[in-house]
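Student: Quick check, what structure comes out for this input:
(chains A and B)
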Protein chains: 2
Amino acid sequence: MSRRFAVDPWAVRETRLDFDALGQTESVFALANGHIGLRGNLDEGDPHALPGTYLNGVHELRPLPHAEAGYGYPESGQTVVNVTNGKILRLLVDDEPFDVRYGHLRAHERELDLRAGVLRRAVEWVSPAGQGVRVASVRLVSFVQRGVAAVRHIVEPLEEGARVVVQSELVANEPLPPPNRDPRAAAALRAPLEGESWGHGETSVLLSHVTHASGLRVTAGMDHVVAGPPGTGLGAESSADLGRITVTADLRAGQRLEVVKFLAYGWSAARSLPAVRGQVAAALAEARHTGWDGLVASQADYLEEFWAGADVELEGDAEIQQAVRFGLFHVLQAGARAEGRAIPAKGLTGPGYDGHAFWDTESFVLPVLTYARPSAARDALQWRHATLPAARTRARQLGLAGAAFPWRTIAGEECSGYWPAGTAAFHVGADVADAVERYRYATDDEQFERECGVELLVETARLWRSLGHYDPHGGFRIDGVTGPDEYSAIADDNVYTNLMAQRNLRAAAAAVDRHPDLGTDLGVDDGEIARWREAAEAVAIPYDEELGVHPEAEDFTQHEEWNFATTRPDQYPLLLHFPYFDLYRKQVVKQADLVLALHLRGDAFSAEEKARNFAYYEARTVRDSSLSACTQAVIAAEVGHVELAYDYLGVAALMDLHDLEHNTRDGVHMASLAGGWIGLVAGFGGMRDHDGRPSFCPRLPSALTRLSFRMGVRGRRLRVDVLPDSATYRLEAGAPLSVTHHGDHARVAAGRPVTRAIPSAPEPPAPVQPPGREPPRRA
Amino acid sequence: MSRRFAVDPWAVRETRLDFDALGQTESVFALANGHIGLRGNLDEGDPHALPGTYLNGVHELRPLPHAEAGYGYPESGQTVVNVTNGKILRLLVDDEPFDVRYGHLRAHERELDLRAGVLRRAVEWVSPAGQGVRVASVRLVSFVQRGVAAVRHIVEPLEEGARVVVQSELVANEPLPPPNRDPRAAAALRAPLEGESWGHGETSVLLSHVTHASGLRVTAGMDHVVAGPPGTGLGAESSADLGRITVTADLRAGQRLEVVKFLAYGWSAARSLPAVRGQVAAALAEARHTGWDGLVASQADYLEEFWAGADVELEGDAEIQQAVRFGLFHVLQAGARAEGRAIPAKGLTGPGYDGHAFWDTESFVLPVLTYARPSAARDALQWRHATLPAARTRARQLGLAGAAFPWRTIAGEECSGYWPAGTAAFHVGADVADAVERYRYATDDEQFERECGVELLVETARLWRSLGHYDPHGGFRIDGVTGPDEYSAIADDNVYTNLMAQRNLRAAAAAVDRHPDLGTDLGVDDGEIARWREAAEAVAIPYDEELGVHPEAEDFTQHEEWNFATTRPDQYPLLLHFPYFDLYRKQVVKQADLVLALHLRGDAFSAEEKARNFAYYEARTVRDSSLSACTQAVIAAEVGHVELAYDYLGVAALMDLHDLEHNTRDGVHMASLAGGWIGLVAGFGGMRDHDGRPSFCPRLPSALTRLSFRMGVRGRRLRVDVLPDSATYRLEAGAPLSVTHHGDHARVAAGRPVTRAIPSAPEPPAPVQPPGREPPRRA
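Tutor: Okay, here's the model as predicted:
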């Protein structure tokens, strides 16, 4: 398979348009700022795989049907809505629609520029009637002006003059292709938007809609600056589901028609129609005031600052270099301006998983944003905090104290239709707490801690204390829950869950110690703190003495082995070909679970335990989830399998550029893209943050000759340069900082870098993977 | 609460019509023969709670919706259809409809006669206009003529003459009250019958329909014999959904109008319209030929023979005497002429559980029928055998060998929409095997064994062998399954399941030893037999050494105790007020599970283990299922709590007469009614049949002064008379038989009864139940 995208350190570029890959490229080329998301659909709308325009938080409700109902089952689901499409600039050339499926596409290039933050397109096309045109468009979703996107669209005839018409549109209730039967894809929502108000000016249109069941008001607006030859005409029209500005021009050879389209979006569950309409008109006015060049310049400035603090540089693997920056760019796009809304599993790049946010956000995306863009991590945790009322209500419904965060949601309510792999996965609470603690360590943001952090820790700790119980020997058990591995469920004493709960309980106790006034406000007394600490000390951690490994959960290692010998390659992912009951009762692992505990709670395992556990689970992990490879990379690197770690890193980082799971069409895998960074920084950088002090155990695979990364740590900017034999720690900004290098403490200060040698790696026996599930070698 | 039904040893009679209890009485007064079921609706149709006419096996398909789909989930459900209602005889008196809600009901009596096998009704009613009439009806569903039911309906004016009109109807697609579930599912069953053919003669009508999705052809027919004064008129009409014979008469005081209505039903998935129509016409002709008196006489003869072989007599508790006969009568009605169709959980008395059959049939109903009406037990097992193709297909889909019988079904395909409490309850296979073995022991029916029994044993044994696996120490584990207790699920090594699987594996091996030719036909070789026997020997039986009890499943006794102190009385049944996840992870038991193992696999436990286990589970069993009380009665009696057993017997036997679970409206609880017999025979009679030889440990509660029961055993008829201090075993027919009395062997022969003293009971400490969940005392 030849590469779809050219390898370039700062861009993702295609030079050939493959209709079969439209869905993938729409996701890869999606632009977003955490508030607005525009899939990389072609300007002219057709052909497309999946048109997509999303506003973070805009969702519709749909009934969740159950063949057999049960107490506490969610009966209403939330599904992301494809809102009014403002990307469209249709083109007619001598009365023929510009559609690259017809005529002759002489040249095609699209480029996602990771420093400019724009999507560029350049096309040369000859119509079926023989008229050639060059179309050049540039699209951006502004990081700076949160409600604004813009397109600059230029048409010029190639040899002879042409009559051209550009129709710049707003289209609501676009027909969508029917979803496939994979349960992970989004549910179809036909015409979710009800027209409420529409109108146009000379160059502008505003359309307002309300979603039927969820009652959210959405306003989309567009305004235009047109530059064409004398005689260029302009018309405007609007109706409930269509706004259109029509530009007509007769272009002679050498002349061009330039349309700059400013787009603005606003939505609210509470604000009135005039208020939302006014907000969008204001955003449009501001965009027009800033102008195209101004938007482009501020976009570049924003990204320059981002890369200065977050860039990762590699020598020795140009493809991974591109992939990790691509991943960081998408992670930034998902969270930059989310501001009180979730970071969904697909960001705002596609409708996969109904647009829901999962624990992935806290456990994979926020560990990156915390060090790369702390304000975005804070925003995401503020969203969790804002959903505490729903989580408390859910906990009460389940008979529990504290807060039970949902397995999947947009607005905060549980939307999982299958509780054994949803509600039972209580670890999401500890994952939130872990992200709160990580953010605190990394930022010392006391305001956040007082406003959100302490309450999140307290309410999640309360959940654990009520969920667990003491066995007759004083062990604190947490029974009947589901860990990260979705090929097991409703198990007792899942080690990952228990260890994360332990950290959660301790963190809550410490937080109330730090802020006794907040503890009082939350009704925490000394007895409750003591009960948290006692439970944390007593947490049961099953261990299989005979095998010398930790079972993923109690009795896991007693279960039957999966018969890999009879499992055909086309039977992966297993969940589409085997019943849950069979997966649950056997030793087959979808994704890192105990191995994720080795990473996130590495402080709870000895080096020998890590090595044995990794080898044991490596042989049983089929990696049917994109949430696995980066964790396997991290622990493989730690226990000495650096080349294997490198292979896993490739899987995580290239998930979407190579469409490894064949579903990038539904949106990029945000956690896997974050996993590229995690694989490099926590894997080959060996970065851990268990106790609030960053520690490093860097060690490079043979292909890499250098790895440099930057992290923000408590207001400082730390730069780490790893070479095959040594690592240098450099403080680029801020007060001196203590770091740990392979267990040795060092103090770095501005202008006083510290260089340390890298000790040789342990050389454990090579682990085996299930046949056919080995990661591709990055030879 | 005053009694709804008079206590009578051979009848269930009401003398007051309570509109609020119409649903219960419609179920209690239902007539059926295993093929046709008529709910006890009033002749005139209105008022009703739930009109119901059922043909065993006639079902419609409906989509089973899943909020999140999964591999192997059933997507089509089967639901019992309310077929053409032929019970209706409407009456007009001087132009006013006879409707007991209006006017004045001067006298009302309905009586289910358990020896005559008829439902009698006698009413005196005065119309709003002041015209009094007496209506007397008798209804029967023939045990002898399988496709036939009949009603004799007599009207006479009370004081003055009256003009009367009787409309005898066939009504298809009756409107039903909405069920309590997804309205879309209900829509699928609105008007399930599509008219195919209709027509009438002078006194008869035939209506033929086809069900929309399942494509079953149903024909209903009626014919009449009318006797009235001169001038009595007769008219007939028919349309797609209505057949009507109208009888008009002017009755003077002392005159009467008698209408005898013969009803016949036929259905087929394969036979042509003319064939099914002809079959119904023939059944009608035969019924008319037999005549009303002939049908009544043959019904009584049939029941006389039944009671001679199956009656249970009590002294000391007239209410239980009535209840056990009522239960036996309904069990007979459910199975007598099922002939290749299932015995549903509600028989043919109501639409509860969608008309599905469960494991209840094999584990509760067949143990009664096997000794009381062996031909009906055989028929039911032949139905299971007939569903083997579907069960094999299901096993393949689940990745298993052999046959996986469905959790709930009408036609054989799995219809459970919630796999943790459906498909995962694999014990149904062992329950079928257990019923096969019991039937063989009790009948020596070699033909059945060769035609069905061996194959059922082999295919279920194959399932177990493929479902279980060996742990490193050689224990044969069965992981991730659900036992009878629906408040636990997806557990490892459920003791009931494992012990029943053990018996299943051994029985299959022995059956192939007995019939090597059949083994060869089924592809069984010596190796496979050896693998069954090895697995049976090695079956893992978890035991809690510290507590000295068997955990229901591995680690069960490590789970948190349910907090009964904070559970309010209105929170039962728990499943309607607490999430499954909470029930599953705690020590709370819906229904006998380990205690059922103590009964059905009593040979695997010592007396001390039984006593300790019973006490342990008694404190944790909330009895939210009607499948529990009889088993608790049996084991309570065995371990020495005879008075407690008596209380539990009352719960089982009076379930429907007292509407203890407030849902008798949806149909009687067939397994609980069977449980009345089980509680008496296996409880106070101490009957066990572990090894094919009936053994008894009789012991009466203080209220009972005598218990007599009859059982058919290998062609003999054994009668057991239990008095407080002794028991007498009497052979009423057949060759001599060995029995065991409290462990001592005895040989009984015709005319040579054996009397043995009853040893004094053990007196273990009284067990406790969860607060509020004690059975009502039968003081």
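
Student: what residues does the stretch 551-700 of chain A put near chain B?
Tutor: Neighbours of chain B within the stretch 551-700 of chain A, by CB under 8 Å from any CB of the partner chain: A:554-555, A:558-561, A:575-582, A:584-586. Where C-beta positions appear, they are placed from N, C-alpha and C, glycine not excepted.

Student: Kindly recompute the last result at 10 Å.
Tutor: A:554-561, A:563, A:566-567, A:574-586 (CB under 10 Å from any CB of the partner chain).

Student: Show the buried residues in those.
Tutor: Among those, those classed as buried by 16 or more other CB atoms under 10 Å in any protein chain shown are A:554-560, A:567, A:574-575, A:578-586.

Student: Which of the residues of the stretch 551-700 of chain A next to chain B fall within strands?
Tutor: A:Glu560, A:Glu561, A:Lys586 (DSSP state E).

Student: from those residues, which single one is nearest chain B?
Tutor: When those are compared for distance to chain B (CB to the nearest CB), A:Glu560 wins out at 3.8 Å.

Student: Can you show me the strands along the stretch 251-400 of chain A?
Tutor: Taking DSSP state E, counting those that start in this stretch, the strands of the stretch 251-400 of chain A run over residues A:257-268, A:312-315.

Student: okay, the ones you listed, which one's buried deepest?
Tutor: strand A:257-268 (a mean of 25; mean count of other CB atoms under 10 Å in any protein chain shown).

Student: Dump that strand to CSV, keeping only the CA atoms.
Tutor: Only the C-alpha atoms of strand A:257-268 are listed here, as CSV (Å, rounded to 0.1, in the frame of the first residue of the first chain):
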residue,chain,number,x,y,z
LEU,A,257,-12.8,35.4,-8.6
GLU,A,258,-12.0,35.5,-4.9
VAL,A,259,-14.7,34.8,-2.2
VAL,A,260,-13.8,35.1,1.4
LYS,A,261,-16.5,33.5,3.5
PHE,A,262,-16.7,34.2,7.2
LEU,A,263,-18.7,31.7,9.2
ALA,A,264,-19.9,32.0,12.7
TYR,A,265,-21.8,29.7,15.0
GLY,A,266,-23.6,30.1,18.3
TRP,A,267,-25.8,27.8,20.3
SER,A,268,-27.5,27.8,23.7
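
Student: Give me the sheet partners of it and which way each runs.
Tutor: strand A:148-157 (antiparallel), strand A:217-227 (antiparallel) (DSSP bridges).

Student: so what's the nearest residue to A:Gly715 once chain neighbours are set aside up against?
Tutor: Among residues not flanking A:Gly715 along the chain, A:Gly734 sits closest, at 5.0 Å (CB to CB, 6 or more residues apart in numbering or on different chains). Residues in contact with A:Gly734 (CB atoms under 10 Å, 6 or more residues apart in numbering or on different chains) are A:Gly712, A:Val713, A:Arg714, A:Gly715, A:Arg716, A:Arg717, A:Leu718, A:Ala749, A:Ala750.

Student: so who does the last one touch?
Tutor: With contacts defined as CB under 10 Å, 6+ apart, the neighbours of A:Ala750 are A:Arg716, A:Arg717, A:Arg730, A:Leu731, A:Glu732, A:Ala733, A:Gly734, A:Ala735, A:Pro736, A:Leu737.

Student: For those, I'd like a selection string for PyMOL - just the buried members, please.
Tutor: Command for PyMOL that selects the buried part of the contacts of A:Ala750, burial taken from 16+ other CB under 10 Å:
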select buried, chain A and resi 716+717+730+731+737
